[in-house]
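Engineer: Just to be clear, the model below is a prediction. Sequence and coordinates:
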Amino acid sequence: GEIGRFLGYSALLAAVINITYLCSALIHTYIYVSIFSSIYFICIDWFLIALVHFVILYTNTTRQKYYTGIRTIIRLLSILDNAVLMMNIFIEVAVHYVERDTAVAYYSYEIKPPYTAHLIFTYFLIFIILYILLKKIADTPRHYRTQYTLIVISILFVVAINAVFLFVDGNSPIAILDLSILGYSIGLYLLYWSSFDYRSKQMLESLSLTIFSNMDQGIVLFDFERNYIMHNKMAETMVPQAKYRDRMPIQEFLTACDLPDKEAEIYTLQRNALKINYRKMRDLFVLILVV
């Protein structure tokens, strides 16, 4: 669908960003450094624009009319920004490249006002992405927030690393290579996992555990080796004498509950009499899982 398409665009642009940045860091010729750097900066614009579209679709905020106006403004600003960055290859209107004596990344950047405008534009895009995600987190039940929270954390991490590279002295050892480019690939993995894997697995698991924990019937689970796995709140209320611990043998549990050790897979415990009842399921189930 459209979500996968924009995520694919983001992945393609992230690959171009990584390749062009690597080329600009390894090549010593000024003109090629200038060309690859401009492509790198432009692709960051379009990478973030693709992410804006992805996040709008992913969080289902397409119905809100003001996003249409924002997208129009973004397109116009990106065209203007891209024109300036392309011009910078021939006339250093945005970035001045200063040669330095290093083993890699042979040029440092001297930022000019048009490049500052480029930074403002990129941070504006990041702000939109974070705003949409944070708004979605606020409107989403607690058990469903993790998928959005992880994306926010990954974006903030990449931005923090990139800020170090931009605002630290270009001759400083920590500013030689912009390690934030690794974040594009890692961030996209989190996006993919959140979109196509998390929803189908972790969210279902979280929902299942929530239902399990709050059931009116007490349930205690043991594995195929007859060792304790987990129990819900009702089971703890019904048999408080059982001291639950990791890999507790079922015999220890049955002894604490004054139950005989039967080979049956399901024990049914009546709430009051604490007697076995195989005919009618009542309140407490002790399940031996064969997995």
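Structural biologist: Arrived safely, thanks for sending.
Engineer: residue ranges of the strands in the stretch 1-150 of the chain, please?
Structural biologist: Using DSSP state E, counting those that start in this stretch, the strands assigned to the stretch 1-150 of the chain run over residues 95-99, 107-111.
Engineer: Lowest average pLDDT across those strands?
Structural biologist: Lowest mean pLDDT within the strands of the stretch 1-150 of the chain: strand 107-111, at a mean of 87.
Engineer: ok, now which ones touch T61?
Structural biologist: T61 is in contact with V55, Y67, I132, K135, K136, counting by CB atoms under 8 Å, 6 or more residues apart in numbering. For every residue, glycine as well, the C-beta is placed using N, CA and C.
Engineer: ignore the last one, Y123
Structural biologist: V159.
Engineer: what separates it from I44, distance-wise?
Structural biologist: To I44, Y123 is 11 Å away according to CB to CB, to the nearest Å.
Engineer: farthest-separated two in the contacts of T61?
Structural biologist: The largest separation in those, counting by CB to CB, is between Y67 and K136 at 13.1 Å.
Engineer: on that earlier part again, nearest to H118 among the contacts of T61?
Structural biologist: V55 (21.0 Å).
Engineer: Please tell me how far that closest one sits from T68.
Structural biologist: Distance, V55 to T68, by CB to CB: 15 Å.
Engineer: who's more crowded, those two?
Structural biologist: Comparing V55 with T68 by other CB atoms under 10 Å, the one with more neighbours is V55, at 23 against 9.
Engineer: right, and the more buried one touches I129 too?
Structural biologist: Yes - using CB atoms under 8 Å, V55 is in contact with I129, at 5.2 Å.
Engineer: For the spatially closest residue to Y30 that is not a sequence neighbour, list each beta-bridge partner.
Structural biologist: Distances taken as CB to CB, 6 or more residues apart in numbering put Y97 closest to Y30, at 6.6 Å, once the chain neighbours are dropped. Here Y97 sits in beta bridges with Y109, going by DSSP bridges.
Engineer: what sits against Y97?
Structural biologist: Counting by CB under 8 Å, 6+ apart, Y97 has contacts Y30, V33, S34, S37, Y107, S108, Y109, E110.
Engineer: Just the buried residues out of those, in PyMOL syntax.
Structural biologist: Buried subset of the contacts of Y97, written as a PyMOL selection, criterion 16 or more other CB atoms under 10 Å:
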select buried, resi 33+34+37+107+108+109
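Engineer: Which of the contacts of Y97 sits closest to I3?
Structural biologist: Nearest member of these to I3, counting by CB to CB, is S37, at 31.3 Å.
Engineer: residues contacting the closest one?
Structural biologist: T20, S24, V95, Y97.
Engineer: Ok, M230 next?
Structural biologist: V220, L221.
Engineer: where in the protein is pLDDT low?
Structural biologist: Residues of the chain meeting the criterion pLDDT under 70: 62-66, 143, 165-175, 194-212, 224-225, 259-291.
Engineer: try 50
Structural biologist: Within the chain, the stretches with pLDDT under 50 are 263-283, 288-291.
Engineer: Helices of that one, start to end?
Structural biologist: Assigned by DSSP state H, the helices in the chain fall at 2-26, 30-58, 66-87, 113-139, 146-167, 181-192, 202-213, 233-238, 250-256.
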